[in-house]
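*Asks:* below is the sequence, then the predicted model.
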Amino acid sequence: MPEPSAGTLIEASEETASATAPEGQDVRTGRSPGQVAWARLKRDKVAIVCSVIILFFLLVAIFAPFLVSLEAVDPITGAKADPSTVHTELVDFNGLPTVGASSAHWLGVEPRLGRDLFARWAYGARPSLIIGFVAAFASTLIGVTLGLIGGYLGGASDKFISWVIDFFLSLPILLLVLAIIPIMQKRIAAGNDLTAQETSMIRFWVLITILVVFGWMGLARLVRGEVKSLREREFVQAARAIGVPTRSILFREILPNLVGPIIVSASIAVPAYITYEATLSYLGAGLVEPTASWGRTIADAQNLFATYPLWLWPSVIGLSLLVLALSLLGDSIRDAFDPTSRR
Amino acid sequence: MRWTKVLTVGAAASLGFVAACGAPAANNGGAGNGTNGGNAPVDQAGAALDPNAKGPAPEVPGAKRGGILTVPYATVPANMDPSDQFYQDTAVIFSLTHRALTTYVARDGKQVLVPDLATDLGKQSEDGLTWTFTLKDGVKFEDGTPVKAADIVFAAKRSFDPDLAANGPTYQREFFKGGADYQGPYKGDKNWKGVEATDDKTVVFHLEKRFETLPYFVSFNQFTPIPEAKDKKADYQLHPLATGPYMFDKYTPGTELVLKRNPNWDPATDPARNNYPDGFHFKWGVDTIKTQTAILASNGDDATSLNWDPIDSSLIPQIEGEKKAQFEEGPSSCVLMVNMDARKIPLPIRKAIAVAWPFDSIHKAGGETTHSFSPASTIIPPQIAGHLDYEAEAAPGFKMNGQGDGDPAKAKEMLAAAGFGPSKPFELIYYYTNDDDIAQKVNQVRKQKLEAAGFKVQDIGVPGAERRKIVGDPKGKYNMLQSPRGWCFDWPSADSIIPPTIGTIALSQGGTTFGNFSDAKIDAEIKRIQQLSITEQGPEWGKMDKWLTENYLLAIPDNNDKGNSVFGTKVKNVHNNPNKGMPDLTDVWLDQ
């Protein structure tokens, strides 16, 4: 990460005018790396398109009940669609739907159970997004904290933190997660019997916890390295020499220089976690009935793909599009923060 | 047969949904639509006996010799030890390689019990406590040594071994004299007298109590000869010595088994087996959908392959359409019930459950098809002699026939009449498997439909293996859906269905039963019928079946499982065996 002034200079030479600067004033002053990145991002078409897509899915997730209520009343069941009520009267004796996509069921109904697929799809966006963002936020927090402490303090605490990072990185994550989830579920239940609803809720939070526990190491290592080199820079040395308290040095001097890598890392973590949730649900270790999840739908639908493709497509497209958009946006953010990239 | 194929083949049995969605001819009290495949009349597996059957088995018209039949299927047999088998798939494999005292043949679609190694179906002593079987001349093992009575006696003793025969049947413990705590020839008394060979040709069974259906029981693999000198204990399963038309060629435990012709098999002694193919190749643990798709396409080796897993619902358009000739279905030995704990749920509520039960919805959610089950209204399946076809009423005008989607409104009325309502609902507690996707879905359906009928539902999710333990414990917290989910008969007579699943004796063996219920009247009736001769027993069991359902309703009849076979275009003469729900491989031939 360059010193603030370097970024400003490069930026200033690229941008002849700034929207925020009043006419006649010198535009070269007072722009943080964040502001520079933001200005670059706003001109990046890919980033804009991706943001719109992400916003779309966020709105779908938030307004899922409203969207589902827009579907018409089903003429056979006489009821409005919702994500959990089964309507086996809408499927035949071999489990295939007898009704297609209609105004009552925009994406048709689920084979075997007759639940509304649009409702399952819209509500299915919720766990993906919540898990993705919550886990990314929490793992970023942990990664940054441990990275800052290790990198700045050095010595024994650094050695210990590095050891913990290496230890966690060496674990075979997928294997471990498949084993841990049922064990944690049992522990939380503490010998009590769980209903389907409770199991699903526990699985949801266990999933977030596990993603956080196994997701913070990369960022912690990155931050630790950066802090280690920043610590020896003149401006930090100077601050220390004039007696600025450690807390201020960390948060005022060092952290602002790390905003770039942290945002980049977090923005790449979100799609990774969403993929992870879908993968685990697909493998049966993630969310369970009755929660709607794209990963579960994909697992269910794949065998009937030849006969009933409508079951599989919405979830696959939703998941792919969301992850692609988040990844590309992460890329754009990375580029925006990178002073050496030119567009 | 205890949950055999069903238990091993799928999650099915343990999850509580086996079999499939029916082919109801008429719907009762529920919305049903879709494709109703009509049910052909069921062949009676019947208690037909033919003590005079002689070899060789009649030729199949037009059959050709040669070729290798490949049989890929989804489950994996744990071992190939003849003493340890109680499963439908291995029973079919052993029918090719091993001969017991008796066996079945198919005649005009009916199963008939005939002598196999014995000259007749056994002679019973006056008091019924001694059975004598005489062996045929000229029967040899694959290595050319003649089969002696002592080899069968040794095998019978070996079936008591707690390690070698851990999964085998347990009738011998109940009926054979001194069998209750016998530990087999290795751990127990070598000279135990429950079964003995009085000379080289005579096997004598000494019984604790009358066992009218013993001739059926000695058709089990446990009564195929094992020469004591060649028994390698746990390693015997790697190459059990054959007496049938085929013998082990190459066996890789857990993966595959190749059979070749047995040169020492004499067709003149065998009334039940033909040997058209040159060999068989069993492949285990295959992916059902891929295998069935390939077999229906019938390219290369797939044209001479046969798969007996339940047909996947995505392939139904094919087997109902142009590939109809490559599919065979028929009854299996299994009957499925909705089990309830009669100690905890009073009769009026049990009837309300029967009215509310969403059969069709549960079948649909379980991915079952019109080809995997037929709805049932009785405990005894239709192919058993003495089966009484009845449909009991759970409420006036509401017949219990395993069809329809229940009548929630009527169930609510019945609950109200019994003193339960929205403010004081009756709570149903059951366990379901939460590590299986289909079981989770079935549970969603069951719970929502029962709640719609006014019940409160506590659905407790546990992993499959754990569930099997919990629901098999008579002291469990559940009040319904305990084990058994159903019952697969061991021989085509109702005395292998009702006594093991209902009443005090069944309950006293430590497991759960239909209803978990004991009642002096039921016990007396079972005892009375068991004293009758085989032919007299049939109709009496049928009457008792009806009486039980009408007066006790310990479990709601749900459906009868069906066996499916999918085979390549060159595989001919595939017929379902209604005793097993599996094809009879001894009559199959390949059109090369």
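*Replies:* The structure has been received and is ready for your questions.
*Asks:* pretty sure A:Ile298 is touching A:Tyr282, no?
*Replies:* Yes. Between A:Ile298 and A:Tyr282 there is a contact under C-beta atoms under 8 Å: 5.9 Å. C-beta: built from backbone N, CA, C; applies to glycine.
*Asks:* who has more neighbours out of these two?
*Replies:* Taking neighbours as other C-beta atoms under 10 Å in any protein chain shown, A:Ile298 and A:Tyr282 compare with A:Ile298 leading, 23 against 18.
*Asks:* what about the more buried one, which helix or strand?
*Replies:* Counting by DSSP states H and E, the element that carries A:Ile298 is helix A:294-301.
*Asks:* which other helices and strands does that helix contact?
*Replies:* helix A:117-153, helix A:255-283, helix A:313-337, helix B:437-452 (3 or more C-beta pairs under 8 Å, 6 or more residues apart in numbering or on different chains; DSSP states H and E).
*Asks:* the second one vs helix A:294-301, what angle?
*Replies:* Going back to what we said before, that points to helix A:255-283. Interaxial angle of helix A:255-283 relative to helix A:294-301 (axes from the mean of the first three to the mean of the last three C-alpha atoms, to 10 degrees): 20 degrees.
*Asks:* quick one: is helix A:255-283 near chain B?
*Replies:* No. Judged by C-beta under 8 Å from any C-beta of the partner chain, helix A:255-283 stays clear of chain B, getting no closer than 10.3 Å.
*Asks:* pick out the residue of chain A closest to chain B.
*Replies:* Closest approach between chain A and chain B, counting by C-beta to the nearest C-beta: A:Asp92, at 2.5 Å.
*Asks:* wouldn't that residue be in contact with A:Thr98 here?
*Replies:* Yes. The pair A:Asp92 / A:Thr98 is scored as a contact, 5.3 Å apart, by C-beta under 8 Å.
*Asks:* residues touching the spatially most central residue of chain A, list them.
*Replies:* With the centre of chain A defined as its mean C-alpha position, the nearest residue by C-alpha atoms, centre = their mean is A:Val270, 1.9 Å away. Listed by C-beta atoms under 8 Å, 6 or more residues apart in numbering or on different chains, the contact set of A:Val270 reads A:132-133, A:136, A:326, A:330.
*Asks:* hmm, try it at 7 Å
*Replies:* By C-beta atoms under 7 Å, 6 or more residues apart in numbering or on different chains, the residues touching A:Val270 are A:132-133, A:136, A:326.
*Asks:* up against chain A, what does the stretch 301-450 of chain B have?
*Replies:* Contacts of the stretch 301-450 of chain B with chain A, taken as C-beta under 7 Å from any C-beta of the partner chain, map to B:313-314, B:316, B:360-361, B:364-365, B:367, B:369-370, B:405, B:434-435, B:437, B:440-441, B:443-445, B:448.
*Asks:* buried subset of these?
*Replies:* B:313-314, B:316, B:360-361, B:364-365, B:367, B:369-370, B:405, B:434-435, B:437, B:440-441, B:443-445, B:448 (16 or more other C-beta atoms under 10 Å in any protein chain shown).
*Asks:* and the residue nearest to the centre of chain A, how far from A:Gly330?
*Replies:* Distance of A:Val270 to A:Gly330, given as C-beta to C-beta, to the nearest Å: 8 Å.
*Asks:* tally of neighbours for A:Ala189?
*Replies:* Neighbour number of A:Ala189 under other C-beta under 10 Å is 15.
*Asks:* quick one: which helix or strand includes the residue nearest to it when sequence neighbours are not counted?
*Replies:* Distance criterion C-beta to C-beta, 6 or more residues apart in numbering or on different chains; nearest residue to A:Ala189, sequence neighbours excluded, is A:Ile202 at 7.2 Å. Here A:Ile202 sits within helix A:196-213, counting by DSSP H and E.
*Asks:* and for that helix, what's in contact with it?
*Replies:* A:127, A:131, A:134-135, A:138-139, A:142, A:177, A:180-181, A:184-185, A:188, A:273, A:276-277, A:280, A:286-291, B:434, B:440, B:443, B:459, B:461.
*Asks:* for the residue sitting nearest the centre point of chain B, give me the pLDDT.
*Replies:* By C-alpha atoms, centre = their mean, chain B has its centre lying nearest to B:Cys488, at 3.3 Å. pLDDT, B:Cys488: 84.
*Asks:* with the one 3 residues further on instead?
*Replies:* Predicted confidence (pLDDT) for B:Trp491: 85.
*Asks:* next, the nearest residue to it once chain neighbours are set aside: secondary structure please.
*Replies:* Setting aside the residues directly before and after it, B:Trp491 is nearest to B:Tyr216 in space (C-beta to C-beta, 6+ apart), at 3.3 Å. In three-state terms, and counting by DSSP: H, G, I helix; E, B strand; the rest coil, B:Tyr216 is helix.
*Asks:* and the strands in the stretch 51-200 of chain B?
*Replies:* With DSSP state E, counting those that start in this stretch, the ranges of strands along the stretch 51-200 of chain B come out as B:68-73, B:102-107, B:110-115, B:123-124, B:130-134, B:195-199.
*Asks:* ok so, going back, who's the residue nearest to the centre of chain B bridged to?
*Replies:* Applying DSSP bridges to B:Cys488 gives these bridge partners: B:Cys334.
*Asks:* ok, now B:Leu69?
*Replies:* Beta-bridge partners of B:Leu69, as defined by DSSP bridges: B:Phe280.
*Asks:* which residue comes closest to A:Leu211 once chain neighbours are left out?
*Replies:* A:Ala135 (4.0 Å).
*Asks:* settle this for me: that neighbour is touching A:Gly215, isn't it.
*Replies:* Yes. Here A:Ala135 reaches A:Gly215: they are 6.4 Å apart, a contact under C-beta atoms under 7 Å.
*Asks:* which of these two has more residues huddled nearby?
*Replies:* A:Ala135 (27 against 22).
*Asks:* so what's the more buried one scoring on pLDDT?
*Replies:* Here, the pLDDT recorded for A:Ala135 equals 93.
*Asks:* so how many other residues sit close to residue 271?
*Replies:* Let's take chain A. For A:Pro271, using other C-beta under 10 Å, the count is 23.
*Asks:* could you do chain B instead?
*Replies:* 20.
*Asks:* how much space separates the residue nearest to the centre of chain B from chain A?
*Replies:* 24 Å (C-beta to the nearest C-beta, to the nearest Å).
*Asks:* low-confidence stretches in the chain?
*Replies:* This is for chain A. A:1-30, A:339, A:341-343 (pLDDT under 70).
*Asks:* should've been chain B
*Replies:* In chain B, residues with pLDDT under 70: B:1-47, B:509.
*Asks:* tell me the contacts of residue 250?
*Replies:* No chain in the question, so chain A it is. Neighbouring residues of A:Leu250 by C-beta under 7 Å, 6+ apart: A:148, A:152.
*Asks:* hm, I was asking about chain B
*Replies:* Counting by C-beta under 7 Å, 6+ apart, B:Lys250 has contacts B:Val258.
*Asks:* what's the helix or strand for it?
*Replies:* According to DSSP H and E, B:Lys250 maps onto strand B:246-252.
*Asks:* list the contacts of the nearest residue to A:Ile263 once chain neighbours are set aside.
*Replies:* Spatial nearest neighbour of A:Ile263, excluding adjacent residues (C-beta to C-beta, 6+ apart): A:Ile333 at 5.8 Å. Contacts of A:Ile333 were listed using C-beta under 7 Å, 6+ apart, and they are A:41, A:263-264, A:267.
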